[in-house]
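S.K.: Here is my input; please provide its structure:
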Amino acid sequence: YLVGKAYSANKETVEVLAQKGVYVQPIIYDSYKSFDSQHRKNIVDLLSHVKKTRDLSKLEKVIVLDDGGKLLSVASEEFEDFSNIYGIEQTSSGIETIKWLDLQYPVINEARSKAKLNIESPFIAEAVLDRLRKHLNVSQRILVLGNGVIGNSIYESLKQNYNVTRYDVRKNRSDLKDLSKLGEFDVIVGCTGKTSVSPDMFKYLKKDVTLASASSSDVEFSGAYLRRLAPQSTNPHENVVVTDIHLLNSGFPVNFDGSLHSVAPEKIQFTRALLFSAVCESGKTKKNGIVGLNQNLQDKLIS
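M.R.: Take a look at the predicted model:
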């Protein structure tokens, strides 16, 4: 059973999976609604279908493989018996979402594994920059919001040819004390994983500023708010232009543009190997809550 995300699902892939017998939950997208609220409804509908079509108690293992914490959160509410449930989370934002839950089953933290942080992040940054460069020129001033593993990789690549500045709430990782000079930048790349520019800050933005997200969902630049100022759409990959603001890819991460691969297959295979390792490891621990991915497996993949 699979539920995709409106901005990252690929039509050809959905069709191939359905032909192979995978149940793919129909995806609903409305530009006037926040992505998270729509995604949650799609997940609720999926789990309702699962409970109607399968008796999960008769299965040896039920693996809940998540990307963002929403599926694990809803499963924690919808399921009643957790004796055969094993979770896997592959994003840091997802770990932040579920760490507050009273988890009655183990969840492997693939998101914060050393292997993922050290190896995958530059690949993601490269894919983001590949889509972003067509919107850049050397005369522009660029601001990277969030100097974590993705943000730092983007900054290090851009600084070779562009005038780029970093901002992070951690002062020792930031070039700016605060965002009072937000209006000096032509391009802003959001890498925080949460809302970095809220609607009350839009009035400080430079005219014709370009906003590009490199994190999950549409929260980085309050995407749903901006989209409601434009004509309603069912296409999550439109560039939205409102009030002199250019919001790339409707506020969703720019490397997810509807194409077959968001990252080159020969690189993202490392991420797939990590996920497969987590699947193989699920069931080997009965400790409830968030647990780390086996370090020996990580070391083998890295080597």
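S.K.: Do you know the pLDDT at the spatially most central residue of the chain?
M.R.: The chain has residue 216 as the residue nearest its centroid, 2.7 Å off, counting by CA atoms, centre = their mean. Listed pLDDT for residue 216 reads 87.
S.K.: Ok, residue 265 next?
M.R.: pLDDT, residue 265: 89.
S.K.: For the stretch 201-303 of the chain, which segments count as helices?
M.R.: Taking DSSP state H, counting those that start in this stretch as the criterion, the stretch 201-303 of the chain contains helices spanning 223-227, 265-281, 295-302.
S.K.: who does the last one touch, helix- and strand-wise?
M.R.: Using 3 or more CB pairs under 8 Å, 6 or more residues apart in numbering; DSSP states H and E as the contact criterion, the elements in contact with helix 295-302 are helix 114-115, helix 265-281. The C-beta positions use only the backbone N, C-alpha and C, and glycine is treated the same way.
S.K.: mind listing the strands for the stretch 51-200 of the chain?
M.R.: 62-66, 85-89, 106-109, 141-145, 163-167, 187-190 (DSSP state E, counting those that start in this stretch).
S.K.: Would you convert these into a markdown table that also reports distance to residue 52?
M.R.: A markdown table is the format used below for the strands of the stretch 51-200 of the chain (distance: least, CB to CB, whole Å):
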| stretch | distance to residue 52 |
| --- | --- |
| strand 62-66 | 15 |
| strand 85-89 | 18 |
| strand 106-109 | 25 |
| strand 141-145 | 43 |
| strand 163-167 | 48 |
| strand 187-190 | 39 |
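S.K.: Please report the distance of the closest residue to residue 98 other than its chain neighbours from residue 89.
M.R.: Closest residue to residue 98 apart from its sequence neighbours, by CB to CB, 6 or more residues apart in numbering: residue 69 at 4.7 Å. To residue 89, residue 69 is 6 Å away according to CB to CB, to the nearest Å.
S.K.: neighbour-wise, which of the two wins?
M.R.: residue 89 (28 against 24; other CB atoms under 10 Å).
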